[in-house]
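# Here is a sequence with its predicted model. Questions after.
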Amino acid sequence: MLCEQCGERPATVHYTEIVQGNKNEFHMCEVCASQKGQAAYQALAGAFSVNQLLSGLLHFDSTVAPRSDAPAPRCEHCGLTFAQFVKIGQFGCEHCYETFTEQLGPLLKRVQSSDHHTGKIPKRRGGAMTLRRELNQLRKELQVSVMEERFEEAAQLRDRIRGLEQHLHVEKQQEE
Amino acid sequence: MSLSDFLSQASSKWLRDEGPESDIVISSRVRIARNLVGHVFPMIATESDKQAVLDEVERAVKQPQVEQLGRFELLKMGSLSPVEQAVLVEKHLVSPTLLESSGSAVILRDDEEMGVMVNEEDHLRLQCLLPGYQLDAAYGLAERLDDALEETLNYSFDETRGYLTACPTNVGTGMRASVMVHLPALVLTGSIQRILSAVTHVGLVVRGIYGEGTDALGNLFQISNQITLGQSEQEILSNLHGVAKQIIDHERVARQHLLLQNKDPIEDRVCRSFGILAYARQIDSKEAMQRISDVRLGIDLGIIKGVSANILKELMVATQPGFLQTYYEHEMTPGERDVKRASMIRERLRMDQV
Ligand SMILES: [Zn+2]
Ligand SMILES: [Zn+2]
Ligand SMILES: [Zn+2]
């Protein structure tokens, strides 16, 4: 069966929606299903508080995710299934973030401002991560300065980048 | 024991001291969620898992880096009476969730401005709570405690997702910063609804501290960040600052407006409430909160003199069930509490009239 929305990808998500007593069946691909989820969420968003919001989203997703043809994953470290996560709204262990990373991505984009951490990094254990973040920042600055033809500044940035790369290399060797 | 001795002994520093902007901002709080590598989260943890986490945290607190920050004491929830537990919640030092979780504890600094809940929803919930408007100072303290603990604890952290938490609504910074504000004039002038819905558009939430939404008891609201991932701690704090400042300004303008345009009704309302608090023989907590809020507004507007402004903070906590039963040293039925609540409020008002 093809997705009834786009008619291109195979329909892997099947769910039923009951609105004011009228039953509607949907057969869609993952892409269209998640877009539909987005629209439904936006219509309801105003009425929810944070916690209701999350469990509401999860329960909406529950009509989508578990009935998809792909088998739902289970965390091998703590045994939590995605269905359980949906019911409780909490993970069982830190590894659940990897296990359910696919399901989590769209959810985080909806409840959070992005799916990427830009805040604090642990001081003692985060040395290499802090360096990598600084390195990325410097590389962006380098690009801008080259584009704007500020070559003296670019040369300085290149030196700093080289220095950091060496530092990072040493950190890596120490970690190993 | 006299009420004033009781209040000064039983209350935390944030309840006794005044802080910046304390005509409107009651307190500032920063909470940070952290978890330890190699342990499942408390929700599915066994008693021995939880004990192992507690042992690790206890060892970390005894390290010199943490001891530099002050004297800490560990309280296991299981070894406290229900009344003692209630008092901790009423002082905003622990969450109600901590009481529900078995094997949970709180580690408190002696001034109670700083603490760590252990085995709540996450392994650790660091908290700093300061009087008045001191968000940056509260974050500063929380960060020092966080760094000191991280010297020996291995936090669950992922380069892309940040600090990993039991609930994905906290992942990233794991931080919830909030200010508790008293907004009687915005409620009286009816502008609160507009403000409540406006802040949700910038990633913040406003909630009633007691009661919900605009029915907030005592006109006390908490403004906090909703987003924890994709913004740095500094961005979250400056967002909150921006919005809190505007709300404070709006409240000040609304108070002046009330005084200019509605002087008689406002004076009547404030003085009636004062009269009721001074003479009532029984009062439920809902009415008490409303009357105390009115009196505090009256103090701020200069209508009531000779009563200390701190009365709102003291009484909103001291008239709660746990505190009442601690002060009168016995368990009470709700009806009995209404009688004792009225009596405590009368006594508190007499304290100022020397
Ligand atoms: Zn499709
Ligand atoms: Zn897991
Ligand atoms: Zn949660």
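Noted; the coordinates are in hand. Numbering: from 1, shown residues only, chains lettered A, B, ... in the order given. Ligands and ions are numbered 1, 2, ... in the order given.

# quick one: the helices in chain A?
A:30-44, A:50-64, A:82-88, A:96-99, A:101-111, A:127-147, A:151-175 (DSSP state H).

# Lowest average confidence across the ones you listed, which one?
Of all these, the minimum mean pLDDT falls on helix A:50-64 (a mean of 46).

# distance between the helix or strand containing B:Glu56 and the chain's centre?
Using DSSP states H and E, B:Glu56 maps to helix B:47-61. A distance of 26 Å separates the centroid of the chain from that of helix B:47-61, by CA atoms, centre = their mean, to the nearest Å.

# near chain A, anything from it?
No: if you take CB under 8 Å from any CB of the partner chain as the test, helix B:47-61 misses chain A, and the best it gets is 10.3 Å. In short, each C-beta sits where N, CA and C put it, glycine included.

# Secondary structure class of B:Gln222, three-state.
strand (DSSP: H, G, I helix; E, B strand; the rest coil).

# what's around it, how many residues?
19 (other CB atoms under 10 Å in any protein chain shown).

# so what's it bridging to?
Counting by DSSP bridges, B:Gln222 is bridged to B:Met180, B:Arg207.

# Quick check: chain neighbours aside, which residue is closest to the residue of chain B found nearest ligand 2?
Residue nearest to ligand 2 within chain B (CB to the ion): B:Val40, separated by 7.0 Å. Excluding the flanking residues, the one nearest B:Val40 by CB to CB, 6 or more residues apart in numbering or on different chains is A:Cys93, at 4.4 Å.

# mind listing what the one you found touches?
Going by CB atoms under 8 Å, 6 or more residues apart in numbering or on different chains, A:Cys93 touches A:Cys75, A:His77, A:Cys78, A:Leu80, B:His39, B:Val40, B:Phe41, B:Ile44.

# if you set the cut-off to 6 Å instead, what comes out?
Contacts of A:Cys93 were listed using CB atoms under 6 Å, 6 or more residues apart in numbering or on different chains, and they are A:His77, A:Cys78, B:Val40, B:Phe41.

# Any quick ChimeraX command for the buried ones out of those residues?
One line in ChimeraX is enough to select the buried ones among the contacts of A:Cys93; burial here means 16 or more other CB atoms under 10 Å in any protein chain shown:
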select /A:78 /B:40,41
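
# For B:Glu21, state which of the contacts of A:Cys93 is nearest.
B:Phe41 (37.3 Å; CB to CB).

# if we can go back for a sec, and the helix or strand just after the helix holding B:Glu56, how far from the chain's centre?
Using DSSP H and E, the next helix or strand after helix B:47-61 towards the C-terminus is helix B:64-67. Computed by CA atoms, centre = their mean, the chain-centroid distance of helix B:64-67 equals 26 Å.

# Pull out the buried positions in helix B:64-67.
B:Gln65, B:Val66.

# Check the average confidence over that helix, would you?
Per-residue scores along helix B:64-67 average to 94.

# Okay, and the residue lying closest to B:Met117 once chain neighbours are set aside sits in which element?
Nearest residue to B:Met117, sequence neighbours excluded (CB to CB, 6+ apart): B:Arg125, at 4.1 Å. Counting by DSSP H and E, the element that carries B:Arg125 is strand B:124-131.

# that older thread, hang on, the residue of chain B closest to ligand 2 in a strand?
No: counting by three-state DSSP, B:Val40 falls outside a strand, being coil.

# For the closest residue to B:Ile303 other than its chain neighbours, list the residues it contacts.
Distance criterion CB to CB, 6+ apart; nearest residue to B:Ile303, sequence neighbours excluded, is B:Val270 at 5.0 Å. With contact set as CB under 6 Å, 6+ apart, B:Val270 has these partners: B:Asp294, B:Gly298, B:Ile303.

# Return the angle between stretch directions for the helix holding B:Glu56 and strand B:124-131.
What separates the directions of helix B:47-61 and strand B:124-131 is an angle of 50 degrees, with axes from the mean of the first three to the mean of the last three CA atoms, to 10 degrees.

# got the buried residues for helix B:47-61?
B:Asp49, B:Lys50, B:Ala52, B:Val53, B:Leu54, B:Glu56, B:Val57, B:Ala60, B:Val61.

# I'd like the residues you listed as CSV, with pLDDT appended.
Shown next, in CSV, are those (pLDDT from 0 to 100):
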residue, pLDDT
B:Asp49, 95
B:Lys50, 97
B:Ala52, 97
B:Val53, 97
B:Leu54, 97
B:Glu56, 97
B:Val57, 97
B:Ala60, 96
B:Val61, 96
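
# from the residues you listed, which is closest to B:Val25?
Nearest member of the buried residues of helix B:47-61 to B:Val25, counting by CB to CB, is B:Val61, at 30.1 Å.
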